[in-house]
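**Student:** test case, fold it:
(one chain, ligands or ions: 3)
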Amino acid sequence: MYFYNMKEIKQFIGNNRDRILNELFDLLKIKSVSADSSFKQDVKDAAIFLKDNFKNIGCENIEIIETAGHPIVYADKIINKSAPTILVYGHYDVQPADPIELWDNPPFDPIIKKTDIHPEGAIYARGACDDKGQMFMHLKAFEYMKKFDKLKCNIKFMIEGEEEVGSVNLEKFINENKEKLSNDVILISDTGMIANDIPSITTGLRGLSYVEVEVTGPNRDLHSGLYGGAVANPINILSKMISSLHDENNKITIPGFYDKVLEMTESERKEVSKIPFSKEDYESEIDINSTYGEKGYVTNERNSYRPTLDVNGIWGGYIGEGAKTVIASKAYAKISMRLVPNQKSENITKLFSDHFNKIAPNGVKVKVTPHHGGEAYVTQSDSIEYQAAEKAYLKAFGSKPIAQRSGGSIPIVPLFEKVLGSKSILMGFGLDSDAIHSPNEKFGLFNFFKGIETIPLFYKYYYDLWISNKNE
Ligand code: BES
Ligand code: MN
Ligand code: MN
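**Tutor:** Numbers count the residues shown, from 1 in each chain. Ligands and ions are numbered 1, 2, ... in the order given. Okay, here's the model as predicted:
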């Protein structure tokens with residue numbers, strides 16, 4: 001055991017607050033949008049920023065690793081070969097900022113504003129929460145531990161630039177670098193928590209199957225008077241096909257879709273029901289008059305334990321000013337399916353594709369193109385990393401965190417388990433209302449600094465538990 005002083009870290013934060021925020025602002029100003037190739041140099045600039053920061057905080061073996069896509073940044077500090085090793089994973093790439101006109105302030109010009117939920121202020125910028133702000137907490141927590149001689153664990157950092165586009169090249173990298181990345185546990189802050197006074201640890205992520213569909217009717221756009229009524233209109237047909245994918249109970253109609261889904265146990269449902277949740281707040285925060293979803297399940301079950309199918313985008317035909325009387329030749333949609341443990345992304349994509357082709361009526365042709373996917377992830381709440389995280393939150397927040405499965409996806413997490421044999425502990429500090437992927441994304445100052453406080457505690461408790469586990 002080693003001495004640990006809460007006051008000391010609070011002091012470190014207090015004394016370095018402005019500098020730390022300035023550094024984060026500099027990172028947030030870099031337009032590292034991985035999906036758009038016109039930002040390729042910006043993505044690289046973010047990698048260089050991290051490399052420099054790793055150097056300043058005292059990391060070693062700092063590398064920018066080029067890939068077929070965007071680079072990976074690696075850095076470590078190995079203090080003792082017989083100590084436990086923690087691999088910190090995060091991403092420095094961000095979602096596109098569009099639609100830019102819906103931002104109250106420019107997305108890459110960070111600004112602090114107070115809100116009801118964030119009375120101490122929140123940083124508004126694309127990537128503030130997902131994931132630059134959360135990832136950067138780990139660098140600053142390390143800086144503290146290094147400066148004040150608190151390091152007891154070996155630390156490896158792997159920060160990637162392609163999470164928002166499916167981590168395709170990272171998968172290859174981890175397959176080829178198992179030794180370099182070997183670890184006892186992976187620590188990630190890229191999820192959320194329930195509220196600033198209700199900390200939680202994420203114990204599950206959903207998988208993902210993502211497809212693009214194309215429905216083709218006539219070989220050219222037709223006059224909708226001359227041909228209307230006599231030929232299949234691809235947009236009408238696509239709409240019909242899409243609406244047939246859910247039944248009157250909002251269950252997905254693709255044959256076999258639920259075959260592998262594990263029904264929730266009574267005790268799981270009981271656990272979910274204990275999670276503090278206000279339907280009114282949930283509805284009012286996103287300005288809807290009612291929640292909506294699969295019959296027989298409540299909101300917190302629908303958004304984490306249950307699989308879904310959603311259209312993410314749909315287009316075709318004339319959308320310009322005024323009216324144009326036309327039957328379009330083609331209609332398109334992008335469709336995502338969130339998957340739960342035991343469903344396999346590849347299998348679900350095939351079930352979708354077979355079904356979509358089958359339900360296409362005569363008069364149209366259908367093409368289904370799969371995009372990236374990923375598997376779901378669940379982890380137990382009795383591991384030493386969970387216990388360490390639980391103790392860390394209890395100490396930093398003054399209340400015991402709640403275990404909660406999330407609806408989002410981080411496809412590399414199940415791959416870490418498959419390739420490296422390591423479990424991940426998901427210590428997220430964001431809130432649902434932080435609007436990740438949306439206009440006006442933000443991250444509370446409270447959350448950012450509380451994260452920096454909580455992380456060193458995790459290392460401390462993990463080390464203690466790891467040692468006593470080893471000596472057992
Ligand atoms: N950090 C998110 C995932 C997330 C957010 C999980 C909040 C749990 C709570 C991540 O950056 C993300 O956006 N993932 C994508 C998947 C990816 C393949 C594009 C997602 O979930 O849509
Ligand atoms: Mn993320
Ligand atoms: Mn994201």
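
**Student:** can we go C-alpha only for contacts and neighbour counts from here?
**Tutor:** Will do.

**Student:** how about the strands in the stretch 101-250 of the chain?
**Tutor:** Shown for the stretch 101-250 of the chain, the strands assigned by DSSP state E, counting those that start in this stretch span residues 111-113, 122-124, 154-160, 185-188, 200-205, 207-216, 222-223.

**Student:** looking at these, spot the one closest to Val311.
**Tutor:** Val311 lies closest to strand 207-216 among the strands of the stretch 101-250 of the chain, at 9.6 Å (CA to CA).

**Student:** for the strands of the stretch 101-250 of the chain, which one ends up most surrounded?
**Tutor:** strand 122-124 (a mean of 27; mean count of other CA atoms under 10 Å).

**Student:** near ligand 1, which residues of the protein?
**Tutor:** Neighbours of ligand 1 within the chain, by CA under 6 Å from any ligand atom: 130, 164-166, 190-192, 406, 408-411.

**Student:** the same query, at a cut-off of 5 Å, please.
**Tutor:** Proximity of the chain to ligand 1, by CA under 5 Å from any ligand atom, involves residues 164, 166, 190-191, 408-409.

**Student:** got phi/psi on Ile20?
**Tutor:** Main-chain torsions, Ile20, degrees, to the nearest 10: phi -60, psi -40.

**Student:** what's the closest non-adjacent residue to it?
**Tutor:** Using CA to CA, 6 or more residues apart in numbering and skipping residues adjacent in sequence, the residue nearest Ile20 is Lys140, 7.6 Å away.

**Student:** which residues of the chain score low on pLDDT?
**Tutor:** For the chain, the stretches flagged by pLDDT under 70 are 1-4.

**Student:** ok, and for the longest helix along it, which residues are buried?
**Tutor:** For the chain, the helix that runs over the most residues, judged by DSSP state H, is helix 445-471. Judged by neighbour count using 16 or more other CA atoms under 10 Å, the buried positions of helix 445-471 are 445, 447-466.

**Student:** before we move on, what SS does Phe12 have?
**Tutor:** Three-state call for Phe12 (DSSP: H, G, I helix; E, B strand; the rest coil): helix.

**Student:** hmm, Met145 and it touching each other?
**Tutor:** No. Counting by CA atoms under 8 Å, Phe12 does not reach Met145; the two are 10.1 Å apart.

**Student:** returning to what we had before: ok, which of the strands of the stretch 101-250 of the chain comes nearest Ser399?
**Tutor:** Relative to Ser399, the nearest member of the strands of the stretch 101-250 of the chain by CA to CA is strand 200-205, separated by 9.8 Å.

**Student:** just to revisit the earlier point, widest-spaced pair of the residues of the chain next to ligand 1?
**Tutor:** Within the residues of the chain next to ligand 1, Gly166 and Thr191 form the most distant pair, 16.1 Å apart (CA to CA).

**Student:** gap between the two ends of stretch 93-101?
**Tutor:** 21 Å (CA to CA, to the nearest Å).

**Student:** whoops, stretch 392-410 was the one
**Tutor:** 23 Å.

**Student:** give the buried residues for that stretch.
**Tutor:** Under the neighbour-count criterion of 16+ other CA under 10 Å, stretch 392-410 has 392-397, 399-410 buried.

**Student:** coming back round to it: verify the contact between the residue nearest to Ile20 and Thr454 for me.
**Tutor:** No. Using CA under 8 Å, Lys140 is not in contact with Thr454, being 11.5 Å away.

**Student:** got the domain ranges for this structure?
**Tutor:** Domain ranges of the chain: 6-205+376-471, 207-275+305-372, per automatic domain parsing.

**Student:** need the winner for burial among the ones you listed.
**Tutor:** Most buried of the domains of the chain by mean neighbour count (mean count of other CA under 10 Å) is domain 6-205+376-471; its value is a mean of 20.

**Student:** roughly how far is it from the heart of the chain?
**Tutor:** Computed by CA atoms, centre = their mean, to the nearest Å, the chain-centroid distance of domain 6-205+376-471 equals 11 Å.

**Student:** do the same with stretch 227-241
**Tutor:** 37 Å.

**Student:** Met137 against Lys450, yeah?
**Tutor:** No. Met137 is not in contact with Lys450 according to CA under 8 Å; the separation is 9.0 Å.

**Student:** list the contacts of the nearest residue to Val231 once chain neighbours are set aside.
**Tutor:** Leaving out its chain neighbours, the residue that sits closest to Val231 by CA to CA, 6+ apart is Gly363, at 7.1 Å. If a contact means CA atoms under 8 Å, 6 or more residues apart in numbering, then Gly363 has 217, 231-232 as its contacts.

**Student:** tell me the one among those residues nearest to ligand 1.
**Tutor:** Distance to ligand 1 across those (CA to the nearest ligand atom) is lowest for Gly217, with 31.2 Å.

**Student:** excluding chain neighbours, what is closest to the closest one?
**Tutor:** Distances taken as CA to CA, 6+ apart put Val364 closest to Gly217, at 4.6 Å, once the chain neighbours are dropped.

**Student:** how close does that neighbour get to Glu8?
**Tutor:** 68 Å.

**Student:** sorry, back to before: quick one: which of the domains of the chain is nearest Tyr292?
**Tutor:** The closest of those to Tyr292 is domain 207-275+305-372. By CA to CA, the value is 8.8 Å.

**Student:** next, the residue in the stretch 251-400 of the chain that ligand 2 sits nearest to: phi, psi?
**Tutor:** Residue nearest to ligand 2 within the stretch 251-400 of the chain (CA to the ion): Gly374, separated by 14.2 Å. Phi and psi for Gly374, reported as degrees, to the nearest 10, are phi -180, psi 160.
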